[in-house]
Structure formats: C-alpha cells, structure tokens
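J.: Model the following, please.
(one chain, ligands or ions: 1)
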Amino acid sequence: MRLVIVSNRVTIPDRHEKAAAGGLAVALREALETRGGLWFGWSGNVVESDANAVRTVQRGKVTYAVTDLTEAERQTYYLGFSNRALWPNMHYRLGLTEFSRTDYAGYLAVNRRFAKALIALLEPDDVVWIHDYHLIPLAAELRRRGVRNRIGYFHHIPWPPAEVFGALPFSATLISTMAAYDLVGVQTVVDVRNLVSGLVALCGAKVDGDHVKVGRRETIVQAFPIGIDVEAFRKLAAASERAATRPIKTTKETLGERKLVIGVDRLDYSKGIVQRLEAFGQFLRNHPEQRGRVGLLQIAPPSRSDVPEYAELDRQSDEVAGRLNAALGEFDWTPIRVVKKAYSRNALAGFYRRAQVGLVTPMRDGMNLVAKEYVAAQDPADPGVLVLSRFAGAAQQMGEALIVNPYDTHEVAEAIRTALAMPKSERIRRFERLYATISATDIGWWTHRYLQALSGIELAGAESAPANPQRRRPVARKKAPMSAVPKSDGSNPAKPRPKPRAAKTTPVSRPA
Ligand code: ADQ
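T.: Alright, predicted model coming up:
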C-alpha cells in the first residue's frame, strides 16, 4: 500500500538536506519515507500561461510531483477563494470574508486540474491523504472521474458552526463534497460537532455516531488533534543553553535581569497579535512597578502579504507597537519588540526557553503548534508559564495553561501578571501535566492514528469504475478493501477490514 499525500504547497527537499527538527512537513515526509509514496501539489511557482505540466523528482522512496499555477489561478484559487473567503469564514470572521464568483470558479477549476493530474499518477491500491481547505472538493473531483481509492482529508483550521459556514455562497455544495472522503479528520471535537451539524443543516445528512451519510455516500468524521515532535524540540531547546548563536546570545545580553514574554506567529489576523500588544500595554498600565522589568518579544514573519487584510494588519501592528512604546518606554527600555522575520527552529527553541511567559492568544485557531512548542522547550526545573486562548484548539488539551479570552484585554493583562508571579512549585506542576499531554499526543502519534483509522475503513458507496480509468488497471469491487487482489505470493492480505473504531479523543478540559 503506497501513501499519496496531496497538499496545496509542496517543498521538494534538497538532495542532502538535513530535515529540520519537528514540523508537519517533516512528519509527513517521514510517513512517506516509511511506506514509500508520492507527494503531490503546487510547486510554489507561478507561470504566465499553461501550468499543466507535472514535474516529478525522486528523493529516496518518495516521489515529489509538482505543478505550477498560472497568475490567474494564484489570484482566484489561492489568494481569492482560499484566503479571502474560506480562511476568514472558517476563523469565524464574517466581516473579513470577501467572496467572488470568479474566485470560486478558479478554486473549483484548480481542484479539477489537480484531480486530472493526480489520476495519471495513482495506482489502484494507493491510499490518498489530502490536506487542508484549499483542496476540499478534490476527492469529489477524483470520484467523478471514477477513482475508488481510499481517500482521507485532514482539515488543519477550525470548522465553524453551520450558521457561520452557511453564510458563504455555495456553502451547501462545498460542504457536501466532504462525503466523497472515506475519513474526514478535524482538530477537535468542537470542529467535529460543527462540521457534522453543518452537513445536516446544509445538505440533509443522516448521522449515525461518527458515520455521516450524504446521498449515497458515507463518510466518517473524527477529531485528530495534531501534535509536534516534542522530543526533538526539547533537545533543541536544551542544546540552546550551550549554543552561542547570535540571536540567543544577544537576547541574553540585552535582557539582563529582565523577564521575557514571547509571542510567535505568522502575521495573521486570526492570531490576535494586535489585541495581544494592547493587552501587554494594559498589563504595564495596570502594574507600573513592572515597567523596565519585563519586555514582550513578538516574532511575526509576514504571510500572504498580497491579501489586503494582511497588509492592513502589518500596518496596524506597527502602529500599535509604536504607540505603546512611545507611551510606556524609557530611554533604556523598550517594552515591545516586534520582529518580522522567520527564524530557524533552533533559534525559536532558544527564544521559547528564555521566555518566562509564552503568550499564545489567537482569536481562533485550529490547533496552534506554538503553544506545544513553547511547553516542549521549557527547562523542567524552572519552566515558564503558557497563557493560552480558549479559542485555540490546543486549549482543549492544555487545560493546565492559564486559559484566557483574547477579546478581554484586561483578562489577558492579568494573566500575564499571574504568570510572572507564579511560584516555581506551581509552574512545575502545570508544566509536568502539559508536557505529559503533548508527549502522549505528539506528531508521530497523530500521523499513525490518522493513517491507521484511514486504512481500517471498510469502503462503501464507491462507484464501480476503475481506480484509474486512464491506466485501466484491475480494481477492487465495491465494498472490498483495496488490497483484495491477492499478492503474487498467493496471500490475500485483504480480509474484510473492520469498521474503524471511533478513535479516542484526547482529554477535553474545557470547551473552546
Ligand atoms: P499555522 O496557522 O501556521 O498552522 P501554527 O499551528 O501555530 O499555525 O503553526 C505555525 C508554525 O510556524 C509553528 O511550527 C511555528 O514554530 C512556525 N513559526 C511561526 N513563526 C515563526 C517564525 N518567525 N520563524 C520560524 N517559524 C515560525 C495551521 C493552522 C493551525 C494548526 C496548524 C497545524 O492554522 O491551527 O495548528 O496548521 O495543523
């Protein structure tokens, strides 16, 4: 069984590139290397016209197959519908949602083009794992062309309630394409509830446990909270104590005895960066004795700068940081430093370890890996405190953090104060529980659990067309598992597979 991963962007590693520690891309690469497989998606390149060509590159047991986008496709599929309509809608931001029919048509057209290109590469018993909101209708496009392979989807961002998702034009059509997947994974039980009730409200789905039937197709919806490579991150952070790299050495020198509060996010309005800066200002106003004794380092590399809402956020964060620094700073102390750069994982691990407070306050987030990275990087003998938004998926697993409402500036300001004053014994107690949770649900656990669930599904409702019509290979019959064709050694590995067990969800400590 070969694994095929499809994601919006594919980065082909250099031949001798050492994998960076942790990270989703690395985990998926490892899953592919273990099983052998293919990774398909956009190269990141934009061409004037005719982007149909697919380039393949072999790296060990993994084939990377990439295609370019035309400028029109980048505008409509990527910047337009994916990032100006779906992204804000799915982060509950109706006011920021910009829908256009041209963008939606472009989104569907790229999904169709990806489906056609992928079919030419598929083998009958491939297991296909599609990632994220750019590619929601991809399985439906594959099914329409007769693909019967096992296809799973993982949704990395929140799924909003039906009332919110339903405000998006064509929402019923789009959500109904979810039924083309055999397994739909989302981050939390709240997202499961929202997606399933959306399927019921918008397209009359019938629900039986985690099985959801739309018309003749049935899918399974479950929560798979994503994790990080905790052990790798812990090691990087511990090694940073000895490292003499410039950012870490300089942070040490410039901080002196001062305490550090850290925020690390892509510059994105969902991350609540502006609100966080305001909360830090509020904290300094509420507690003037803290002035000169603590600083906020906000690391926020720009992303999606071609989208107007992101350019506006960039301007706004500069404006707020400048205003607060001018109002509260001293000649020898700048309260807020905003650094708009991406750092290596080594440097990030070092920054996290030096920070007494990790301030992770998104207005809404699928999971938020920074919360987990911050905990993994702490010194177990003297750990810092995580302040975490209740609207991050991570809050459902990480109840021992100081959980806050990011819309309440005063509450966040007071949580910063509580974190800075927290006795060591309590910091250790909270840290140990958080660390145990993120270790037990790390990235290896997540990948394994998802793929196990996907390969355990008894296929149903597939049409009786060949897996790859172009190639005319033999395929399994309806309801038979894909590997039902006996192997050349005479064995038949495909006894009917059990229906997947509702995978256990991780402890839910509070609703998001
Ligand atoms: P993102 O929105 O990108 O991911 P997040 O989960 O926090 O959000 O992951 C960001 C990653 O980028 C982290 O690994 C972080 O270390 C890294 N990063 C951030 N700033 C950086 C910097 N300045 N330099 C280097 N690295 C930086 C989406 C969803 C999330 C979901 C993830 C995974 O929006 O909700 O948790 O996918 O499913």
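
J.: Could you use CA atoms for every contact and neighbour count after this?
T.: Will do.

J.: Report the contact partners of whatever residue of the stretch 101-250 of the chain ends up closest to the ligand.
T.: Residue of the stretch 101-250 of the chain nearest the ligand, by CA to the nearest ligand atom: H156 (4.2 Å). Each residue near H156 by CA atoms under 8 Å, 6 or more residues apart in numbering is listed here: 131-133, 186-187, 366-367.

J.: Ramachandran coordinates for E218?
T.: Here is the backbone geometry of E218 (degrees, to the nearest 10): phi -120, psi 140.

J.: shouldn't it be in contact with V184?
T.: No. Counting by CA atoms under 8 Å, V184 is not a contact partner of E218; they are 10.8 Å apart.

J.: So for stretch 331-344, what gets flagged as buried?
T.: In terms of neighbour count (16 or more other CA atoms under 10 Å), stretch 331-344 has its buried residues at 333-338, 340.

J.: what do you get for stretch 37-46?
T.: For stretch 37-46, the neighbour count (16+ other CA under 10 Å) marks 37-43, 46 as buried.

J.: can I get these in a markdown table with pLDDT, secondary structure and distance to the ligand?
T.: Formatted as a markdown table, the buried residues of stretch 37-46 follow (pLDDT from 0 to 100; DSSP: H, G, I helix; E, B strand; the rest coil; distance: CA to the nearest ligand atom, whole Å):
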| residue | pLDDT | secondary structure | distance to the ligand |
| --- | --- | --- | --- |
| G37 | 95 | strand | 21 |
| L38 | 97 | strand | 20 |
| W39 | 96 | strand | 17 |
| F40 | 98 | strand | 18 |
| G41 | 97 | strand | 17 |
| W42 | 97 | strand | 17 |
| S43 | 96 | strand | 18 |
| V46 | 96 | strand | 22 |
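
J.: Could you single out the nearest of these to L195?
T.: Nearest to L195 out of these is G41 (CA to CA; 25.1 Å).

J.: gap between stretch 88-104 and the chain center?
T.: 19 Å (CA atoms, centre = their mean, to the nearest Å).

J.: what comes into contact with that stretch?
T.: Identification of contacts with stretch 88-104 by CA under 8 Å, 6+ apart yields 75-77, 80-81, 84-86, 157-160, 164-165, 167-169, 270, 309, 364-365.

J.: Filter those down to the buried ones.
T.: Buried subset of the contacts of stretch 88-104 (neighbour count, 16+ other CA under 10 Å): 75-77, 80-81, 84-86, 157-160, 164-165, 168, 270, 309, 364-365.

J.: what about L313, which SS state?
T.: helix (DSSP: H, G, I helix; E, B strand; the rest coil).

J.: The closest residue to it other than its chain neighbours: what's it in contact with?
T.: Spatial nearest neighbour of L313, chain neighbours left out: Y269 (6.6 Å); criterion: CA to CA, 6 or more residues apart in numbering. Listed by CA under 8 Å, 6+ apart, the contact partners of Y269 are 310, 313, 363.

J.: Which positions within the helix or strand hosting T418 qualify as buried?
T.: Taking DSSP states H and E as the definition, T418 sits inside helix 409-421. Within helix 409-421, the residues scored as buried using 16+ other CA under 10 Å are 409-417, 419-420.

J.: Switch those residues over to TSV; also include pLDDT and distance to the ligand.
T.: Listed next are the buried residues of helix 409-421 as TSV, based on pLDDT from 0 to 100; distance: CA to the nearest ligand atom, whole Å:
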residue	pLDDT	distance to the ligand
T409	98	21
H410	98	24
E411	98	22
V412	98	19
A413	98	21
E414	98	23
A415	98	20
I416	98	20
R417	98	24
A419	98	21
L420	98	23
